[in-house]
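*Asks:* Test case, fold it:
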Amino acid sequence: MAKLIILDRDGVINRDSDAYIKSLSEWEPYPDAIAAIAQLHQNGWTIAIATNQSGIGRGYYDTRTLEQIHCRLRSLVNEAGGEIAIIEYCPHLPADNCDCRKPRAGMLIRIRKSLNIPTLDGCWMVGDSLRDIQAGIAGGCRTALVLTGKGQRTRRELDEAYSDTWICDDLEAFSKRLLSLDV
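*Replies:* Okay, the predicted model is just below:
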């Protein structure tokens, strides 16, 4: 079984905004998220990111800006002693009905194929929205909801169908919980 954790970005790693994160100056990581990613990596977990970025399709920012943000994210994680193996993003609008936009599992499948992992069974999808959890389940992952970003609101949307989803205060709490089991 692969030790893979797929993270949503906005609301999990960094502060989210209903007005979108449109520039590097607007991108603000949560204080403990970078350290949590590094700690997970140092404990043998491969870290990937799957993020809906419809702001590109809406014309709010371009792929160059997105790459600047991801370059900064990778740099901070590397400085903390971690590594992000791959970042997948969906630039499409919800109306585009693409296969990659969460809640569909297209990005998760691309991550699995890129990392040459036969199955996502036992892997994790960590997000702050219902669509993150739905994508994880569709991809065959275990799921965790963090209460940062849209997580508090999403928690109220969860029903019995999501009873196996872990509820964690933030990415650091997820990391501690997972690593306490990972012996």
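*Asks:* CA only for contacts and neighbour counts going forward, please
*Replies:* Noted.
*Asks:* which sections of this protein are below the confidence cut-off?
*Replies:* For the chain, the stretches with pLDDT under 70 are 1, 182-183.
*Asks:* Residue 103 touches residue 132, doesn't it?
*Replies:* Yes - checked against CA atoms under 8 Å, the pair residue 103 and residue 132 is within contact range at 6.0 Å.
*Asks:* Neighbour count for those two, which is higher?
*Replies:* residue 132 (27 against 20; other CA atoms under 10 Å).
*Asks:* helices or strands next to the lengthiest helix in the chain in the packing?
*Replies:* As assigned by DSSP state H, the longest helix anywhere in the chain is helix 63-79. Contacts defined by 3 or more CA pairs under 8 Å, 6 or more residues apart in numbering; DSSP states H and E place helix 63-79 against helix 33-42.
*Asks:* got the buried residues for the helix it packs on?
*Replies:* 33-41 (16 or more other CA atoms under 10 Å).
*Asks:* Which stretches in this protein count as helices?
*Replies:* Counting by DSSP H, the helices of the chain are 33-42, 54-57, 63-79, 106-114, 130-139, 151-157, 171-181.
*Asks:* ok, the residue nearest to residue 40 when sequence neighbours are not counted - how many residues close by?
*Replies:* Nearest residue to residue 40 in three dimensions, chain neighbours excluded: residue 175, at 6.5 Å (CA to CA, 6 or more residues apart in numbering). Residue 175 is flanked by 18 other residues according to other CA under 10 Å.
*Asks:* In contact with residue 175, which residues are there?
*Replies:* 36-37, 39-40 (CA atoms under 8 Å, 6 or more residues apart in numbering).
*Asks:* please redo it, this time with the cut-off set to 10 Å
*Replies:* 33, 35-40, 168 (CA atoms under 10 Å, 6 or more residues apart in numbering).
*Asks:* Next: residue 108.
*Replies:* Counted by CA under 10 Å, 6+ apart, residue 108 has contacts 6, 48-51, 88, 100-102, 114, 120, 125, 135-136, 138-141.
*Asks:* And residue 67, by the same measure?
*Replies:* Contacts for residue 67 (CA under 10 Å, 6+ apart) come out as 24, 73, 87.
*Asks:* circling back: so what angle separates the directions of the longest helix of the chain and helix 33-42?
*Replies:* Going by axes from the mean of the first three to the mean of the last three CA atoms, to 10 degrees, helix 63-79 is angled at 60 degrees with respect to helix 33-42.
*Asks:* sorry, back to before: make JSON lines out of the buried residues of helix 33-42 and add distance to residue 163.
*Replies:* Output for the buried residues of helix 33-42, formatted as JSON lines (distance: CA to CA, whole Å):
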{"residue": "33", "distance to residue 163": "25"}
{"residue": "34", "distance to residue 163": "28"}
{"residue": "35", "distance to residue 163": "28"}
{"residue": "36", "distance to residue 163": "24"}
{"residue": "37", "distance to residue 163": "25"}
{"residue": "38", "distance to residue 163": "28"}
{"residue": "39", "distance to residue 163": "27"}
{"residue": "40", "distance to residue 163": "24"}
{"residue": "41", "distance to residue 163": "27"}
